[in-house]
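Engineer: sequence first, then the predicted structure:
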Amino acid sequence: MTLETHGQMVSFIWDICNLLRGPYKRNEYRRVILPLTVLKRFDSILVPTKEKAIEEYHKHKGKSENIIYPKMKDVTGVPFYNISKLDFSKLLDDANQIAPNLNGYINGFSQNIREIFERFEFADEIRKMADKNLLYEVIKKFNNVDLSPEKIDNLQMGYIFEELIRIGAEQSNEEAGHHYTPREVIQLMVNLLLSPEEDLAQDYKVKTIYDPACGTGGMLSEAEKYIKSLNSNIHVYLSGQDYNDEAWATCKADMLIKGEEADNVRLDNTFTHDRFKGDTFDYMLANPPFGVSWKQEEKYIKDEADSLGYNGRFGAGLPRVNDGALLFLQHMISKMRNPKEDGSRIGIVFNGSPLFTGDAGSGESNIRQWIIENDWLEAVIALPDQLFYNTGISTYVWIVTNRKEKKRKGKIQLIDARQYYIPMRKSLGQKRHQIGDGKEGKPDQIGEITRIYDNFKHDETRKFIIDKVEKELIVSKVFDNEDFGYHKITVDRPLRLNFVANDERIAMLEFQNGFVNLATSKKKNENIRQKEIEAGKERQEQIRNLLKQLGETTNEKLYKDRKAFLTDLKKLDKENNVKLDSTELKAILAALGEQDETAEICRNSKGEPEPDSDLRDTEIIPLKDDIEEYFKREVLPHVPDAWIDYSKTKVGYEIPLNRHFYKYEPPRELEVISHEMKALEADILDMLKQVTNGKDIA
């Protein structure tokens, strides 16, 4: 079979899906197509060395895999082997035994390949196809595809497999979003990440790339492709980790297909088992799942944060447990190279939450503070909505690095790229927009966003057509790091209370825990318990009588000074030998006191004003502002008796990107709206006349 182009090959392989219709849903096709494409490629690679490999294996049969594997690798010339006498064509010789023969053939591969098919759970698909009498026809179709290295080299095969991954992900829609990032988003991230890199033109330079949530490996592949397009002589080493079996199997298979070091694609939970502990990388990219809880890993993460602090990965803080996105970023920062060793650059996709969620002092705010005060955050780019398969929400790319260019030191660039999209002819799940890449007649929006990033200009503008109207919008802003920080101060005002011992306020004692608990008991012995309760009730009645007596002797005087009220109460208490304790006294003050702006200030034993918690307020003051000057200017003119409780002052950081790009547009004139409404009414009346055969509508 002669299929000349990459597109034709992809189309031919995917056409095999027509055989699967019925038993398989559209979003399940990839479960067959991807594993069989991998199997056919590996089968084609091993054909020339098949007999020699089997001979070599029998020489060492019975020895450990550690001895056998290197010997077999020397024979096959690739990091895998197969000792089965079967191959794709021989599988077709016995239609009745094709299922067990196919399983046996797969089990004849080396351990690294067997694990891929185990994680694909391909044995289940073999059984399913056999039950539906599809297996023989599907294998027959694949046998007609020439995937030999002589026909298709590793690079071309990599492109074909990645295209199959893309098609499979698009057909999966919802579930794909957890493991697959749209290619144009990856291309943009890679452009932004590598744009300032001058050493990529140097031959035989070594670059390492890492993705801690690598999914099917799209980000790793695109980053490598971009670097190779700049300089084919650069050595690129890819590393990734993922905890999803199918995604990991797909990624590892992709690496093997392209001749990459597949052992650097590792299966495990990045938070609880860092499979690259101690390693650092030149570049890191990730699209961690949005809003995913880390409750299952909570104990491990908290233990590491508490025991290792900044010597571990999570010393800066822990976000709320329902969203672990910022944990991924901290993990990646822990793998940055020392700036003296050229440092590292990170690109990561977030939703809006990491920008502003969390008040001053919260885990999220502390993480942002740590990143910004270390001058690691270089840029945040707001992307168009509806770009991803499983969510239509707004997304943002963060560029983080510990080796900023000189002009960017101490600065953060915000880019509003929300208008850089083209609508898709057909939506894929919730993906209705894509960023143009300059191919197939599409505008080069990726290039334009990259140019805006490179220009690094404050208040740079571009013109867009929005709702058929041309508008000039700001697309870039440049800020100092400190512009995103603030002091959150607590403003207190003095407590002012009046007191009166009347029936209404004495009745409020029944709502004070200190008073109610007098007539309770925790004793298990019922007799003792009842005695304590009765004694408590007698004590309550004694306190009520004391307060009633105070009201009678003072003629229910309204006290506007707590000190005077306490003086009279304690005097009467002493005369009656009631001996109020501190808990009882506290309950009395709470019941008989009411806020009164005309009352005297309540003071503590040191003569200091006591704060009124009901009047307590907070103020957000930019870091660049002097707290005292702000307080005098903005607070004291309105509440002259206020003061700052400095013990509660906290530093917070947030990145309100949308607010910085907001542009007020005044509402349209009422006359214009009225004219449009009248025109609509006229249209409606005309339509109603058509329905009623021209009769007037009253």
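Structural biologist: Now that the structure is in, tell me what you want to look at. Residues are numbered from 1 along each chain as shown.
Engineer: contacts and neighbour counts: CA atoms only from here.
Structural biologist: OK.
Engineer: tell me which helix or strand comes right after the longest strand anywhere in the chain.
Structural biologist: Ranked by number of residues, the top strand in the chain under DSSP state E is strand 469-480. For strand 469-480, the following helix or strand on the C-terminal side (DSSP states H and E) is strand 485-492.
Engineer: sorry, back to before: and the longest strand of the chain, which strands flank it?
Structural biologist: strand 411-416 (antiparallel), strand 460-466 (antiparallel) (DSSP bridges).
Engineer: please identify the most buried of those.
Structural biologist: Compared across the strands paired with strand 469-480, strand 411-416 shows the largest average neighbour count, a mean of 24 (mean count of other Cα atoms under 10 Å).
Engineer: in its sheet, what does the next helix or strand after that strand sit against?
Structural biologist: As assigned by DSSP H and E, the chain's next helix or strand after strand 411-416 is strand 422-428. The strands that strand 422-428 pairs with in its sheet are strand 431-434 (antiparallel) (by DSSP bridges).
Engineer: can you name the residues in contact with the strand it pairs with?
Structural biologist: By Cα atoms under 8 Å, 6 or more residues apart in numbering, the surrounding residues in contact with strand 431-434 are 184, 384-392, 421-424, 426-427.
Engineer: in ChimeraX, how would I select the buried members of those?
Structural biologist: With 16 or more other Cα atoms under 10 Å as the criterion, this ChimeraX line picks the buried residues out of those:
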select :184,384,385,386,387,388,389,390,391,392,421
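Engineer: flag the least confident of the contacts of strand 431-434.
Structural biologist: When the contacts of strand 431-434 are compared by pLDDT, residue 390 scores lowest at 69.
Engineer: quick check: closest non-adjacent residue to residue 369.
Structural biologist: Nearest residue to residue 369, sequence neighbours excluded (Cα to Cα, 6 or more residues apart in numbering): residue 653, at 5.5 Å.
Engineer: right, and that neighbour touches residue 481 too?
Structural biologist: No - here residue 653 does not reach residue 481: they are 9.8 Å apart, not a contact under Cα atoms under 8 Å.
Engineer: who has more neighbours, these two?
Structural biologist: Neighbours of residue 653 and residue 481, each counted by other Cα atoms under 10 Å, are more numerous for residue 653; the result is 32 against 21.
Engineer: give me the pLDDT for the more buried one.
Structural biologist: Reported pLDDT for residue 653: 98.
Engineer: could you report the pLDDT at residue 696?
Structural biologist: If you check residue 696, the pLDDT there is 58.
Engineer: what's the helix or strand for residue 594?
Structural biologist: Short version, using DSSP H and E: residue 594 is in strand 593-595.
Engineer: quick one: the helix or strand just after that strand to strand 485-492, angle?
Structural biologist: Downstream of strand 593-595, the first helix or strand assigned by DSSP H and E is strand 617-622. When axes from the mean of the first three to the mean of the last three Cα atoms, to 10 degrees is applied, the directions of strand 617-622 and strand 485-492 differ by 160 degrees.
Engineer: packing partners of the strand or helix carrying residue 229?
Structural biologist: Using DSSP H and E, residue 229 maps to helix 218-230. Judged by 3 or more Cα pairs under 8 Å, 6 or more residues apart in numbering; DSSP states H and E, the packing partners of helix 218-230 are helix 183-194, strand 206-211, strand 235-242, strand 283-286.
Engineer: please name every helix or strand in contact with the second one.
Structural biologist: Put plainly, it is strand 206-211. Checking 3+ Cα pairs under 8 Å, 6+ apart, strand 206-211 ends up next to helix 218-230, strand 235-242, strand 283-286.
Engineer: which elements pack onto the strand holding residue 594?
Structural biologist: Using 3+ Cα pairs under 8 Å, 6+ apart, strand 593-595 is in contact with strand 497-499.
Engineer: just how off-centre is the strand it packs on within its chain?
Structural biologist: 51 Å (Cα atoms, centre = their mean, to the nearest Å).
Engineer: packing partners for it?
Structural biologist: Taking 3+ Cα pairs under 8 Å, 6+ apart as the contact cut, strand 497-499 packs with helix 562-576, strand 593-595.
Engineer: can you tell me what sits against that strand?
Structural biologist: Residues contacting strand 497-499 (Cα under 8 Å, 6+ apart): 558-562, 565, 589, 592-597, 599-602.
Engineer: mind redoing it with 10 Å?
Structural biologist: For strand 497-499, the external contacting residues (Cα atoms under 10 Å, 6 or more residues apart in numbering) are 505, 556-562, 564-566, 588-602, 612.
Engineer: quick check: buried residues in the longest strand of the chain?
Structural biologist: 473-478.
Engineer: quick one: contacts for residue 528?
Structural biologist: 521-522.
Engineer: before we move on, what about residue 301?
Structural biologist: 271-272, 294-295, 307, 312-314, 318, 327.
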